[in-house]
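*Asks:* okay, predicted coordinates and the sequence, questions at the end:
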Amino acid sequence: MKNQRPIGWVFFLAIVFVLRETPVQVDACCPVSRMGKNYRIADQRVLIAWDPQTKIEHFVRQAAFDPALSAQPTTEQTSGQRNESADRSESKGVEPDDFGFLVPSPSEPQIEEADARVFDALETAIEPRIQIQDRWSVNPFPLALSPLLLAASQTTPRVNSSAAPTSGVAVLQSKKVAGYEVAVLRASDAGELVGWLKENNYEVRKDLQEWVEPYVRDGWLITAFKYDIGSKRARVGSVRISFATDKPVFPYRVPKDQISEQGRGNLLKIFVVGPGHASGSLGQADSSLAWNRGKLRYSMPMEREPLEELLGDSIPQGSFSSPERMWLTAWDDPTWPSSQEDLWFGFDPGGVAYQEVRTVVRDRLIYLPIDVLGLLAIGAGLVIRRRRGLTKLS
């Protein structure tokens, strides 16, 4: 790998004909559209699995895009978008005639359909650990009413959430995957790529062209995905892109016009599998910054067999050839898209394991039957009084 500038495995969507107001599920992150329509990034989940021995990354994304009539949706629109599920099984009311996205890569990628059910399995695997906490209190009650009071005392626990390019654009390979027509392209410069996009009915705006220039300039290959009209599929599938990289990366960088305003980002769920507790940094240069926008939800080592069973068919079987113990780390980032730097991951095999803990407060009551206690007190008083009387007589 000759060039080591940050790559942006950045996708961008182009809807060519029918666009409606229902979110469309696609695997992409940098929208571009035709006919004056606008698409914005919605909530998404991504899986990155990287083996330190082969240095192969498998990148799986499940994402949704929301068509909008304006570049800046209203507060009501944004709220509605975030309530839509990014992993719906079908986009009802949408009949996409033609759409696609582009993916830059440092080496020729392998593209296959991925099993998106892995994300539900991952969500289950990282669920918080439940900690039971007893809270004791005294509950005085009349024994005569105990059947009614004991029935009413059943409470619900409360949870505290604590190769040098040639001239022009060359097609290196083509195939059909998951309802897409896929073409791996080599472009000599950004201008030629822009020309190719225009010839294929993509609208190229200034921010998008500025975003793509450094990647093409450094000789990355471009994989173009386009909806396969002849596939007769109700919806396109999730796509896995596998490629060689010295360090795993997520396409966090977006064009300027896609950066969300503060407090109006979408929810990005990131799952990373690698040889240690994962941490992120924005950029690879000496000036790179630690990524602290994601809330850590989970980071634990896993045995090889249960890990492979968890990931299932989302990545190829036998992807982990390294003898090192693999970890699963997960974050929630509510700010994305919010940066013009890519997100790179490093690993610490000796890192601290972490799992969220939710405390379930269980109320435990000590029942004191006041009527019985009262009778006992009266009886005890009579006994003491009688004994005192007998003492005086003697």
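*Replies:* Ah, there it is. Numbers count the residues shown, from 1 in each chain.
*Asks:* next helix or strand past the least confident helix or strand in the chain by mean pLDDT?
*Replies:* Across the helices and strands of the chain, mean pLDDT, DSSP states H and E gives its lowest value to helix 75-83, namely a mean of 31. Sequence-wise, the next helix or strand downstream of helix 75-83 (DSSP states H and E) is strand 99-105.
*Asks:* now do the end-to-end distance for stretch 307-322.
*Replies:* 14 Å (Cα to Cα, to the nearest Å).
*Asks:* hmm, I was thinking of stretch 179-197
*Replies:* 20 Å.
*Asks:* mean confidence for it?
*Replies:* Averaging pLDDT along stretch 179-197 gives 83.
*Asks:* tell me which element residue 131 falls in.
*Replies:* Element membership for residue 131 (DSSP H and E) is strand 129-141.
*Asks:* er, residue 111 I mean
*Replies:* Under the criterion of DSSP H and E, residue 111 resides in strand 110-114.
*Asks:* care to break this protein down by domain?
*Replies:* Domain segmentation of the chain under automatic domain parsing yields 14-125+165-342, 129-159+360-393.
*Asks:* which stretch in those domains is the model least sure about?
*Replies:* Ranked by mean pLDDT, the domains of the chain end with domain 129-159+360-393 at the bottom, a mean of 65.
*Asks:* counting contacts, what elements does the strand holding residue 111 pack onto?
*Replies:* strand 169-177, strand 238-244 (3 or more Cβ pairs under 8 Å, 6 or more residues apart in numbering; DSSP states H and E). Bear in mind the C-beta positions are built from the backbone N, C-alpha and C, glycine included.
*Asks:* ok, now with 6 Å
*Replies:* On a contact count with 3 or more Cβ pairs under 6 Å, 6 or more residues apart in numbering; DSSP states H and E, strand 110-114 meets strand 238-244.
*Asks:* the spatially closest residue to residue 340 that is not a sequence neighbour: neighbour count?
*Replies:* Of all residues not flanking residue 340 in the chain, residue 253 sits nearest, at 5.3 Å (Cβ to Cβ, 6 or more residues apart in numbering). When counting by other Cβ atoms under 10 Å, one arrives at 26 neighbours for residue 253.
*Asks:* got it, and the one 5 residues further on?
*Replies:* Other residues near residue 258 number 23, with proximity taken as other Cβ under 10 Å.
*Asks:* state the distance from the closest residue to it other than its chain neighbours to residue 208.
*Replies:* Excluding its sequence neighbours, the residue lying closest to residue 258 (Cβ to Cβ, 6+ apart) is residue 337, at 5.2 Å. Using Cβ to Cβ, to the nearest Å, residue 337 is found at 13 Å from residue 208.
*Asks:* likewise for residue 133?
*Replies:* 53 Å.
*Asks:* which one's more surrounded, the two?
*Replies:* Neighbours were counted for residue 133 and for residue 208 using other Cβ under 10 Å; residue 208 has more, 23 against 10.
*Asks:* are we agreed that the more buried one is in a strand?
*Replies:* No. Under DSSP: H, G, I helix; E, B strand; the rest coil, residue 208 sits outside any strand and is assigned helix.
*Asks:* wait, it touches residue 254, no?
*Replies:* No. In this structure, residue 208 is not within contact of residue 254 by Cβ atoms under 6 Å, at 9.9 Å.
*Asks:* mind listing what's buried in the host helix or strand of residue 123?
*Replies:* Per DSSP H and E, residue 123 falls inside helix 118-125. Buried positions in helix 118-125, judged by neighbour count with 16 or more other Cβ atoms under 10 Å: 118, 119, 122, 125.
*Asks:* looking at the residues you listed, which is nearest residue 62?
*Replies:* Taking Cβ to Cβ as the measure, residue 119 is the one of the buried residues of helix 118-125 closest to residue 62, at 5.6 Å.
*Asks:* helix or strand: which one has the closest residue to the closest one other than its chain neighbours?
*Replies:* Of all residues beyond its chain neighbours, the one nearest residue 119 is residue 45 (4.7 Å), with distances taken as Cβ to Cβ, 6+ apart. Residue 45 belongs to strand 38-51 when assigned by DSSP H and E.
*Asks:* quick check: phi and psi on residue 257?
*Replies:* Dihedral angles of residue 257 (phi, psi; degrees, to the nearest 10) stand at phi -80, psi 0.
*Asks:* is the nearest residue to residue 193 once chain neighbours are set aside in a bridge, and if so with what?
*Replies:* In space, and not counting its chain neighbours, residue 193 is closest to residue 187: 4.2 Å by Cβ to Cβ, 6+ apart. Here residue 187 sits in beta bridges with residue 169, as judged by DSSP bridges.
*Asks:* OK, contacts around residue 187?
*Replies:* 169, 193, 216, 222 (Cβ atoms under 6 Å, 6 or more residues apart in numbering).
*Asks:* one more pass at 10 Å, please.
*Replies:* Counting by Cβ atoms under 10 Å, 6 or more residues apart in numbering, residue 187 touches 104, 165-170, 193-196, 212, 215-217, 219-222.
*Asks:* run through the strands of the stretch 201-350 of the chain in chain order.
*Replies:* Per DSSP state E, counting those that start in this stretch, the stretch 201-350 of the chain carries strands over the ranges 221-227, 238-244, 249-250, 266-274, 277-282, 289-290, 295-302, 326-336, 343-348.
*Asks:* render the CA-only coordinates of the fifth one in PDB, please.
*Replies:* Right, the one you point to is strand 277-282. The C-alpha coordinates for strand 277-282 follow below in PDB (Å, rounded to 0.1, in the frame of the first residue of the first chain):
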ATOM      1  CA  HIS A 277     -10.000  -3.000  23.200                       C
ATOM      2  CA  ALA A 278     -10.700  -0.600  20.300                       C
ATOM      3  CA  SER A 279     -10.300   3.100  20.300                       C
ATOM      4  CA  GLY A 280     -10.800   5.700  17.500                       C
ATOM      5  CA  SER A 281      -8.900   8.700  16.200                       C
ATOM      6  CA  LEU A 282     -10.000  11.300  13.600                       C
END
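*Asks:* between that strand and strand 295-302, how many degrees?
*Replies:* With axes from the mean of the first three to the mean of the last three Cα atoms, to 10 degrees applied, the angle from strand 277-282 to strand 295-302 works out at 140 degrees.
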